[in-house]
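S.K.: The sequence isn't on hand, but the structure is:
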């Protein structure tokens, strides 16, 4: 019943990173924001998992490279303890195959540690409100990795099984272009509520569990390349 709702409207954040200065910098930057609060810090994945057993949190900033237990090992464990928490991976490396792997096993976004504080804040807010924060990094990774995968295993079968109509394909393409529900609604001349209903129907038809799953589906089945 409560779901993800916060009684005080403040998004609770934990930073897991072994660099004290980086944690301090992010924490200081976010302290200026009234709707976000850093409630705890961890210096490795094991430390983070222990904290998660004791506190409620909405969004975790999770560094990939940490001693004892890194972010990649911690990610599935976090999902077991807190299935609904949003997880933003932090890294120094722009690695396409790594980004895709992390998104597929439960990351909600992926930022380089050079991202400025406004981007981090925007990612926290967007993940909290809309589940995923896509940026040029994540999109390029998903597209290049999955197009490559398509070449290895050519298939259009599932797309035919899903049997999407033109309007559904158009909305799916617009979602892949990072358009918001409101933007899509005005472009296709429908109400935002109708667009949401079509998005939910797309999830049912394709078997995708999330917006990221729908985007993965669109790429896998070359929907982005189709003429409407």
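M.R.: Yep, that arrived. What you see is a predicted model; the values in this text were computed from it and never measured. Residues are numbered from 1 along each chain as shown.

S.K.: and residue 87, what element?
M.R.: Using DSSP states H and E, residue 87 sits within strand 86-91.

S.K.: Any stretches of the chain with poor pLDDT?
M.R.: Under the criterion pLDDT under 70, the flagged ranges of the chain are 1-8, 95-97, 136-137, 140, 142-162, 224-228.

S.K.: How about the backbone phi and psi for residue 58?
M.R.: phi -100, psi -40 (degrees, to the nearest 10).

S.K.: so residue 61, which of the three states?
M.R.: For residue 61, the assignment made with DSSP: H, G, I helix; E, B strand; the rest coil gives strand.

S.K.: In three-state terms, label the closest residue to it other than its chain neighbours for me.
M.R.: Counting by CB to CB, 6 or more residues apart in numbering, residue 15 is the residue found nearest to residue 61 once chain neighbours are left out, at 4.7 Å. (Glycine included, C-beta is placed from N, CA and C.) On the three-state scheme (three-state DSSP), residue 15 is labelled strand.

S.K.: In contact with residue 15, which residues?
M.R.: 23, 26, 27, 38, 40, 41, 42, 60, 61 (CB atoms under 8 Å, 6 or more residues apart in numbering).

S.K.: care to break the chain down by domain?
M.R.: 11-135, 155-225 (automatic domain parsing).

S.K.: Turn those domains into CSV, columns for distance to residue 141.
M.R.: Shown next, in CSV, are the domains of the chain (distance: least, CB to CB, whole Å):
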stretch, distance to residue 141
domain 11-135, 4
domain 155-225, 11
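
S.K.: out of those domains, deepest packed?
M.R.: Stretch with highest mean neighbour count among the domains of the chain: domain 11-135 (a mean of 18; mean count of other CB atoms under 10 Å).

S.K.: Residue 167 touches residue 188, doesn't it?
M.R.: Yes - counting by CB atoms under 8 Å, residue 188 is a contact partner of residue 167 at 6.9 Å.

S.K.: For residue 211, grab phi and psi.
M.R.: phi -60, psi -40.

S.K.: three-state assignment of the residue lying closest to it once chain neighbours are set aside?
M.R.: Closest residue in space to residue 211, ignoring its immediate chain neighbours: residue 132 at 5.4 Å, by CB to CB, 6+ apart. Per three-state DSSP, the local secondary structure of residue 132 is coil.

S.K.: which phi and psi does residue 132 have?
M.R.: phi -130, psi 150.

S.K.: so it makes contact with residue 106?
M.R.: No - if you go by CB under 8 Å, residue 132 and residue 106 don't touch, sitting 11.3 Å apart.

S.K.: ok, back up a step: I'd like to know how far the residue nearest to residue 211 sits from residue 179.
M.R.: According to CB to CB, to the nearest Å, residue 132 stands 13 Å off from residue 179.
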